[in-house]
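Undergrad: Okay, predicted coordinates and the sequence, questions at the end:
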Amino acid sequence: MAKKKIEERVADTILQRDITVSAGGRSFTVPAPTLGTLIMVSERIAEIPYLGAEKDAAVILANARQGHAIAEVLAIYILGAKAIKEDVNAPKKRLSFLSKGNTPKSKLEELTEDIELSMTPGDMNDLYAQLIEATDFSDFFEVSTFLREASLTRPTKVETTASGQS
């Protein structure tokens with residue numbers, strides 16, 4: 001991913017232009033990350049246990065099952081919260097699936113499975129790095145800092161005095 005000038009990045013953010021990321025010979029068009037997407041990503045990452053910094057093969061293999069959660073984080077970033085919510089709320093063609101005993105998969109489940117089955121850990125790492133680079137966390141940091149400071153400056157306790165005392 002070539003470095004963009006700051007003006008291009010600002011324009012992309014303001015206009016909420018989609019970005020294109022590639023890894024493992026595949027390209028994905030990703031909507032500009034919204035607060036909803038960041039919240040969904042954060043919730044999913046919080047569920048992944050800390051694996052430590054060890055690069056021992058036994059430790060890595062013992063924790064390989066966390067790959068599903070990592071693939072799901074990537075899928076959330078790629079689809080975006082809005083598309084995921086719309087897909088969950090969309091009416092399903094259940095009648096055709098009921099006769100077969102299958103339930104339809106959501107877009108999130110399909111993309112997560114696709115990432116798991118088609119990407120190497122290195123591809124997933126490259127994709128994640130591109131998505132993080134494309135996400136401008138400074139705006140979120142500034143808003144949250146502003147709100148935190150605003151809540152610190154408002155009075156939290158009203159002091160009262162008994163009548164006749166000053």
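TA: Yes, it's here. Numbers count the residues shown, from 1 in each chain.

Undergrad: Residue 118 touches residue 24, doesn't it?
TA: Yes. Residue 118 is within contact range of residue 24, at 6.6 Å (criterion: CB atoms under 8 Å). Backbone N, C-alpha and C define where each C-beta goes, glycine included.

Undergrad: Which residues does stretch 116-123 contact?
TA: 23-24, 26, 67-68, 71, 127 (CB atoms under 8 Å, 6 or more residues apart in numbering).

Undergrad: Out of those residues, which end up buried?
TA: 23, 71, 127 (16 or more other CB atoms under 10 Å).

Undergrad: Can you lay out the residues you listed as CSV showing pLDDT?
TA: Formatted as CSV, the buried ones among the contacts of stretch 116-123 follow (pLDDT from 0 to 100):
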residue, pLDDT
23, 88
71, 94
127, 92
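
Undergrad: would you list those in a markdown table and tack on distance to residue 37 and secondary structure?
TA: Below are these laid out as a markdown table (distance: CB to CB, whole Å; DSSP: H, G, I helix; E, B strand; the rest coil):
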| residue | distance to residue 37 | secondary structure |
| --- | --- | --- |
| 23 | 18 | strand |
| 71 | 16 | helix |
| 127 | 15 | helix |
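
Undergrad: Look up how far residue 62 lies from residue 123.
TA: Distance, residue 123 to residue 62, using CB to CB, to the nearest Å: 22 Å.

Undergrad: Pipe the contacts of stretch 116-123 into CSV and attach distance to residue 107 per row.
TA: Listed next are the contacts of stretch 116-123 as CSV, based on distance: CB to CB, whole Å:
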residue, distance to residue 107
23, 19
24, 19
26, 16
67, 20
68, 16
71, 14
127, 17
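
Undergrad: Can you pick out the most distant pair from those?
TA: Spanning the widest gap among the contacts of stretch 116-123 are 26 and 68, at 18.6 Å by CB to CB.

Undergrad: picking that back up, which one's more surrounded, residue 123 and residue 62?
TA: residue 123 (17 against 11; other CB atoms under 10 Å).

Undergrad: confidence score at that one?
TA: pLDDT, residue 123: 92.

Undergrad: Look up phi and psi at residue 28.
TA: Per-residue torsions, residue 28: phi -130, psi 130 (degrees, to the nearest 10).

Undergrad: Closest to residue 143 out of the contacts of stretch 116-123?
TA: Ranked by distance to residue 143 (CB to CB), those are led by residue 127 at 26.6 Å.

Undergrad: That closest one reaches residue 20, doesn't it?
TA: No. Using CB under 8 Å, residue 127 makes no contact with residue 20, being 11.7 Å away.
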